[in-house]
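Chemist: Kindly return the folded structure for what I paste below:
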Amino acid sequence: MNWETVILEAKKIREKKDIKVVKSDIEWKEILSPEVYQITRKKGTERPFSNQMCSSFEAGKYECVCCGTTLFDAEEKFESGTGWPSFTKPVEDNAVVYNMDNSFGHQRIEVCCGTCDSHLGHVFPDGPKPTRLRFCINTLSLKKVTNK
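Modeler: Next comes the predicted model:
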């Protein structure tokens, strides 16, 4: 995966995954805290450096807090200095989906959970090798699962 692939994915109509989690807005509000709901369902952004997850590099996987889909592996996590956890790639290409985001007067690529469409964060073309991608993800959209 590279930046050109991300752009193409963000521009095309998404193929449906075999497994989708679909809930009404009312259902999401019932099961998520107000903070998590604001980030994941309303495309919010938490303050940078607001969670210890940014500086934790223990082995494990990161799941979507809304549906439990495995999204990222700690082996792909790196210190970006941005105040949000950053990863070089998702665990599988279809674990996340990409959307063009033209909010705030500039174009970005939004990253969402491929199973439940939860807003996770954004991806940028300024990460380390080999992908050169930086998946900048809100900590409140993730749940860490340590390896057993």
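Chemist: where does this structure dip in pLDDT?
Modeler: 7, 10-18, 147-148 (pLDDT under 70).
Chemist: Where do the helices of it begin and end?
Modeler: Secondary structure of the chain by DSSP state H: the helices cover 3-11, 25-31, 34-40.
Chemist: Setting the sequence-adjacent residues aside, check what's closest to Asn102.
Modeler: Leaving out its chain neighbours, the residue that sits closest to Asn102 by C-beta to C-beta, 6 or more residues apart in numbering is Arg108, at 8.0 Å. (Glycine included, C-beta is placed from N, CA and C.)
Chemist: can you check Ala74 too?
Modeler: Excluding its sequence neighbours, the residue lying closest to Ala74 (C-beta to C-beta, 6+ apart) is Gly60, at 4.9 Å.
Chemist: for the chain, which residue is closest to the average position?
Modeler: Leu120 (3.2 Å; C-alpha atoms, centre = their mean).
Chemist: In this structure that residue contacts Asp101, no?
Modeler: No: Leu120 is beyond contact range of Asp101, at 11.9 Å (criterion: C-beta atoms under 8 Å).
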